[in-house]
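The amino acid sequence is not available; the structure is as follows:
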């Protein structure tokens, strides 16, 4: 089961916003006006006219900026761009244009034929053959943060409503929706708010809202609270839950604040169906006084976290500025089974791994002339990387 759902609050300092502004380019040098010179007429030349000088070769147009990536196996995947979407069937060696004219910031998929892409304007596209895409009816102006399908037809989404307070602060309320026609239409479900969900089949799933964790056995129509995480900090907390099965799951909860290059997060896991939750990782700077001293840190900002089909969890850490970021694979029991290096100095924009060896990452490359977003691929568990976009 594979779906990407970033934390409910995206931290711009972490570089995780797939729809960030285009990299700035240096301004052109200003040309000072000069007087038009007076040219005296010259006598008619009897020599052969000289060949005209070659025109300057124009610079090739820059490639559209990559914004999101999602693969379903080692060969088949899609790349969101600032002006559309590309598809590949050879792991990213070559790309074919599939959507044009709109920025695509999020991608989810069930298999090589059925996938969903979200534009910056909150228009959801769907494909049933992996190539041709059609827009679905516009939703109710809510921001979609998660989409997951357990069959080509049956799926769920979380749509976020942002509420402000008189003090100028805001909070986010996640609302669960379900679809039984492949995302053509959605209906509100459930008896409460929900920020993140992870379904195992058409009826059974996990849910999370704030520090509370839930389960459902009726496709999300009702939810039963199974845990309230023991966290000293009052939040607000925004969770992202990932599940391997009915027994094993992980959750990362984050706060929408940052301080001196750090943002609060906690990662918990359960191996008993949610009866108990063990704190595995924490952010040290802002939460060091309220969490056990011996709990390690992944990065200074929340990580990208998702689950493989075998139940293990993959992680791409986020600590800017550094020479590189980290890649880890965690077993269901919590041991680190693989490590690697991600070649970006800042937090990456998006990542997609289909197993512990094969993954793709969108991230920023900083140069004196400006910032470029690129896509890199690993085929050896983050031991080495190759650039696959722009060409």
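Here it is on my side, so go on. Just so it is clear, the model here is predicted, and its values are computed rather than measured.

Give the bridge partners for the residue nearest the centre of the chain, please.
Geometric centre of the chain, nearest residue: residue 350, 3.8 Å, by C-alpha atoms, centre = their mean. Beta-bridge pairing for residue 350 (DSSP bridges): residue 362.

Kindly provide the distance from it to residue 177.
Relative to residue 177, residue 350 is positioned 23 Å away (C-beta to C-beta, to the nearest Å). All C-beta atoms are positioned from the backbone trio N, CA, C, and that covers glycine.

My read is that the residue nearest to the centre of the chain contacts residue 78, right?
No. Contact criterion C-beta atoms under 8 Å: residue 350 and residue 78 do not qualify, at 11.2 Å.

so what sits against both of these two?
Common contact partners of residue 350 and residue 78 (C-beta atoms under 8 Å, 6 or more residues apart in numbering): residue 69.

can you give me the helices in the stretch 151-300 of the chain?
For the stretch 151-300 of the chain, the helices defined by DSSP state H, counting those that start in this stretch occupy 284-287.

Where does the prediction get shaky in it?
165-169 (pLDDT under 70).

contacting residues around residue 160?
Going by C-beta under 8 Å, 6+ apart, the list of residues near residue 160 reads 8, 142, 143, 144, 145, 172, 173, 174, 175, 195.

Neighbour count and distance to residue 117 added to those residues, as a markdown table?
Output for the contacts of residue 160, formatted as a markdown table (neighbours: other C-beta atoms under 10 Å; distance: C-beta to C-beta, whole Å):
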| residue | neighbour count | distance to residue 117 |
| --- | --- | --- |
| 8 | 24 | 20 |
| 142 | 17 | 17 |
| 143 | 15 | 15 |
| 144 | 20 | 11 |
| 145 | 23 | 15 |
| 172 | 17 | 22 |
| 173 | 15 | 25 |
| 174 | 26 | 21 |
| 175 | 18 | 21 |
| 195 | 27 | 22 |
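
Take those residues and keep only those in strands.
143, 144, 145, 172, 173, 174, 175 (DSSP state E).

Which two among those residues are spaced furthest apart?
Spatially, the most separated pair among the ones in strands among the contacts of residue 160 is 144 and 173, at 13.9 Å (C-beta to C-beta).

hang on, the earlier thing: tell me the pLDDT of the residue nearest to the centre of the chain.
On pLDDT, residue 350 comes in at 98.

ok, now how distant is it from residue 247?
Taken as C-beta to C-beta, the span from residue 350 to residue 247 is 29 Å.

Also residue 201?
14 Å.

do residue 122 as well
For residue 122, the distance to residue 247 - C-beta to C-beta - is 35 Å.

List the buried residues in stretch 355-375.
For stretch 355-375, burial by neighbour count (16 or more other C-beta atoms under 10 Å) applies to 356-365, 371-375.
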